[in-house]
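1. With the sequence up front, the predicted model follows.
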Amino acid sequence: MKYQIPIIARGQVIEDYEVTHKGRYGADFMCPDPNKYLSRILLPTRRAMEPLYEISLDDVVDYLIELGKHLDIETNPHLQWALELTTAFNDVPPHLVKNAMSGFQEGFLTRKKLEGMIDTVGREHLEGWQSHNRDNGRISKIHAFGVPTAHVIAGNGPTPAIMTLVRNALIRGYAMVKIPSNELGTAVALARTAIDMAPDHPLTKSFSAVYWRGGDDEFESKFYHPRNVERIVAWGGFASVTHIAKYLRPGIDLLTFDPKISRSILGAGTFASDSAMHEAAIRLADDVGNGNQNGCTNCRVSYAISDGSAASLEEIKRFGQMVFDEIQNLPPEVSSEAIHMDNGFQSKLAGLSILDDEFHVIGGDKRGGVIISLEGDQVDFADELKYRTLNIVPVKDYDALLRFITRDVQTVGVYPESIRDELCTTLALHGVQRITSLGYMREYNATVDPHDGNEAMRKMCTWVVAEDCMTNYAPALWRKPADEKTI
Amino acid sequence: MVLRIDPDVSNTYKQRLCKDPKSFLDYPFDIVFSLDPAELDDIRLLQAQQKFALAKDSIKMVERLAAQNQVTAIDSFNDLLPVLYTQESLKSYPQSWLETGDFQRMTKWLGKLCAVDLSAVDASSCELIEDWIKVLAQQSSVDLLISAGADGKAAFLPRTRDEWAIDHSFSFWSFQSSMGESHALRPGIDKVPLIYPGARGGARCWGRFLDFYEQTFGSGLVDAPLGYNDSDLLSLAGRIREASKKGEAGLLQINPALLARKDEIARINAEKPQQIEALMQRMLNDYRDQRIIFYGSMQMLYDLAMRFNKQGVKGAYAADSFFFCGGGFADGKQPPNWKQDVAEALGVPASSIRVGYGMQEGIWAMQLCSHDKYHVPVTMIPFVLDEANDQPLPRTGRQTGRFAFFDLLPETSWGGYITSDHITIVWDQPCGCGRKGAYLDAAVSMVVDKQDDKIGCAGTASAMEDATDFLLKN
């Protein structure tokens, strides 16, 4: 079966399907030729952005709140289409995608949420020109502007698409989303919903979406030019950023959200009582299994403080079993057994399970698994753990775990709470970008809190200063002291 | 082409094959590939059942895979799939053991991949892989095979000397059968140089066949200019790559004695072009008009022929020379009529240029038949898997996907592998060459990630290749 993915170009739906691409899981999809429609995707002139600044920030918020009302997955045909696409092109189970889509309105499009996002930049900078009196007499008026921006978003769920739409609207930029091959529908569905709701609204015309094959030189060499694109917001790792990097030049800024992995630290208090163990196991199970461990925020490795004694290791094994059991108890709408496990991963688990003296493996099949490294070395494939598989690594103290912490670690979940205060500076210096309570790793407020170490919306803006040098007679080389009186 | 096989010979062959799969080596191609496919499958299934029954009690890894996947017996070929190894199985040891030189544990791990008892092997004195290979050879029947996978982590296959002997017999049978009765080499009589543009010994398996060739036909016959393939150096780049995933801490884990040898890689790489050019010169001059056997890449064979063309030379070697090649062309594009052009320059019939397919994990090799097909050896149970979900595709018609196989020849190691090769098998259409049974199309490629622009948020962004290059160059 062939699916059709239109180009959304400044509020217009282009359905001239003539290019076929092969999907990862066997299905094909067709798109219009992006080269043919490049001029319609790009802004014809910067003046096309002026209508965005003829409306107020409150108008923007009202528009987004209204859009949220139209994003009910039960009734919105565009989102339903996007959901159907995920069954053919994504390995995230459809019910998890549906669950994420159901959260669009509550998660992003309430007045409270939007105001929170505005606060990260400062309403005064988004609404108008904020005055600052400088010590040299100048009055600097600063305004944060959105600019034409290419968004190369991640496709492991529908959230990056909605997040991009909202961020772009609030800073009043012009977003051109490169549709990810594994999440072909959501960006298009959002744009089409906006077109149905308010076809001529400037915000509707400020969100375009197009698929081209990443690395397509013919298209990208024309597209990524400072006259078309001032900023690139790129999700993804070395490979995806490498081919974008060759287009960078003065005039194009890059903001990256690298792939990350997340871990947790279980302090000695975890094993102090059965109730503490059970509490930690319930929380950790959610961190591991929520969203089927497809996200960067999912826990893949836990470091457990242990004296290495046989009794301690037995306790950790018992805890591992608890975590495994709690993973099975996760509600089906947030977590489920793997649909398909790749053979290579199964082989790796089988390989560990024969090393009984060094590794204790619980499960390790479609239900998920817990691998306990009895000798304190995390597994070689710690960063690639998937299908709800956790590696618990006993360590004698915090110093022993720091050798595993690099800038690739985004979130560290902690239990008990005191670890956060004790270790947050040390972890930050090792590259960690977020420290949170165990059980909350999956709930990342990246819309208002720093995202992968970035103040995302502020970085997406171009900050413009309009200076008044005359009101306070700011000093200048050409100005003679006597002039002050005559001007 | 219909082949008439003496029924008595055919029956004896079947009976012997049922008892011992390697007995096919005593028969010529025509008889070996004359069995009715259904009848052959019955024999293969019987042997697979026996192999599994033995392995589940004697090979820990197979036992564990079987338990994980609830496989208790083999009723059909597809029951084998959950217990096949992958490349990961052969490198499932913790990398830190290799870096700290913990070869006692490496030995214990290796022992769980095969039925050979390695518990008495004392590898405590080993510091590097080369030491370990020697100790294993001295204290057990294992003659270790090492290969570096795509991700760089070294894979180890515990093949025994007996299994190597079968492997050599298979290669030799294939080699002699290709040349036909009239041209087959006669031990003690024919002294034909074998030219191989690779390493003479060490890691990887071909050096062993070169030894076998010289033992069979006489010493000094092999011309393989690249010296000894050191296992530790072979694995060094991969080990650096593995370690660089762990950041600075990981890099400190690499055995410093080994890291210090990284300059040797640069030297070896620098010397290689001259050594290959020197071999080229010998082929252009010293071996002219002689009968030779050549094993190498298509590209090198083609380059050689083009150099003869430039010199206006046609018929450079004796007409009964043979050229075995594989590996394709450097740019992936096959020049039109390459075989005819090469044959003309070298002075042999095009049928004497043989294109082969094989892999280190299997005790088998296939050569394209006169109709450009690779016929599945009688000792192999092939599978084609759906690349999207690794499920087996029907064993009928023409199927394309990931290649997996169960090799019936290994005796103490395990013969089942899921490969990363993308192939097409035709299951039930007779081939024009007359051989019966399933066959592969000539085109074999790697299974590729078809959606290479897929982006997710989970993973690490480390520039692994860059890190490796940096370490090797600095």
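-> Looks like it arrived, so ask away.
2. Low-confidence bits of chain A, can you list those?
-> Residue ranges of chain A with pLDDT under 70: A:1, A:24-26, A:237-240, A:480-487.
3. Can you give me the domain assignment for it?
-> A:2-258+A:452-467, A:261-437 (automatic domain parsing).
4. which helix of the chain spans the most residues?
-> In the absence of a named chain, chain A is used. Using DSSP state H, we find that the single longest helix of chain A is helix A:310-328.
5. not quite, I wanted chain B
-> Every helix in chain B considered (DSSP H), the longest is helix B:37-58.
6. I'd like to know which of the domains of chain A is closest to B:Phe294.
-> Taking CB to CB, domain A:261-437 is the member of the domains of chain A nearest to B:Phe294, at 35.7 Å. The C-beta positions use only the backbone N, C-alpha and C, and glycine is treated the same way.
7. ok, which stretches of the stretch 151-300 of chain A are helices?
-> A:159-171, A:186-197, A:217-223, A:238-245, A:274-289 (DSSP state H, counting those that start in this stretch).
8. In TSV: those, plus distance to B:Glu361 and mean neighbour count.
-> Converted to TSV, these look like this (distance: least, CB to CB, whole Å; neighbours: other CB atoms under 10 Å in any protein chain shown):
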stretch	distance to B:Glu361	mean neighbour count
helix A:159-171	40	25
helix A:186-197	42	24
helix A:217-223	37	15
helix A:238-245	28	18
helix A:274-289	34	21
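9. got TSV for the domains of chain A, with distance to B:Gln70 too?
-> Below are the domains of chain A laid out as TSV (distance: least, CB to CB, whole Å):
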stretch	distance to B:Gln70
domain A:2-258+A:452-467	23
domain A:261-437	10
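10. In CSV: the ones you listed, plus distance to chain B.
-> Output for these, formatted as CSV (distance: least, CB to the nearest CB, whole Å):
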stretch, distance to chain B
domain A:2-258+A:452-467, 3
domain A:261-437, 2
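11. Of those domains, which is nearest B:Phe403?
-> Closest approach to B:Phe403 among the domains of chain A is made by domain A:261-437 (12.6 Å; CB to CB).
12. from the chain's centre, how far out does that closest one sit?
-> With CA atoms, centre = their mean, to the nearest Å as the basis, domain A:261-437 stands 22 Å off its chain's centre.
13. do stretch B:111-127 as well
-> The chain centroid and the centroid of stretch B:111-127 are separated by 24 Å, computed with CA atoms, centre = their mean.
14. Give the buried residues for it.
-> B:Gly111, B:Lys112, B:Leu113, B:Cys114, B:Ala115, B:Val116, B:Leu118, B:Val121, B:Ala123, B:Cys126 (16 or more other CB atoms under 10 Å in any protein chain shown).
15. Farthest pair within the residues you listed?
-> B:Ala115 and B:Cys126 (22.6 Å).
16. Quick test: name the residue nearest the centre of chain A.
-> The structure's chain A has its C-alpha centroid closest to A:Pro160; by CA atoms, centre = their mean the separation is 5.5 Å.
17. Leaving aside the residues adjacent along the chain, what's closest to that residue?
-> The shortest distance from A:Pro160 to any non-neighbouring residue, by CB to CB, 6 or more residues apart in numbering or on different chains, is to A:Ile153 (4.0 Å).
18. separation between the one you found and B:Gly111?
-> 48 Å (CB to CB, to the nearest Å).
19. List the contacts of the closest residue to chain A within chain B.
-> Nearest residue of chain B to chain A: B:Ser92, at 2.2 Å (CB to the nearest CB). Under the criterion of CB atoms under 8 Å, 6 or more residues apart in numbering or on different chains, the neighbours of B:Ser92 are A:Ser347, A:Lys348, A:Ala350, A:Gly351, A:Leu352, A:Ile354, B:Trp109.
20. close to chain A, is stretch B:96-103?
-> Yes. Shown here: stretch B:96-103 in contact with chain A (CB under 8 Å from any CB of the partner chain) through B:Ser96.
21. Next up, the contacts around the residue nearest to A:Leu423 when sequence neighbours are not counted.
-> Using CB to CB, 6+ apart and skipping residues adjacent in sequence, the residue nearest A:Leu423 is A:Tyr398, 6.2 Å away. Taking CB under 8 Å, 6+ apart, we find A:Tyr398 in contact with A:Ile265, A:Ile305, A:Glu422, A:Leu423, A:Thr426.
22. Check B:Ala343 too.
-> Contacts for B:Ala343 were tallied using CB under 8 Å, 6+ apart; they are B:Pro349, B:Ala350, B:Ser352, B:Ile353.
23. Close to chain A as well: tell me which of the residues you listed qualify.
-> Residues of the contacts of B:Ala343 in contact with chain A (CB under 8 Å from any CB): none.
24. Turn these into JSON lines, columns for pLDDT and neighbour count.
-> Putting those into JSON lines (pLDDT from 0 to 100; neighbours: other CB atoms under 10 Å in any protein chain shown) gives the following:
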{"residue": "B:Pro349", "pLDDT": "93", "neighbour count": "11"}
{"residue": "B:Ala350", "pLDDT": "91", "neighbour count": "13"}
{"residue": "B:Ser352", "pLDDT": "92", "neighbour count": "21"}
{"residue": "B:Ile353", "pLDDT": "92", "neighbour count": "23"}
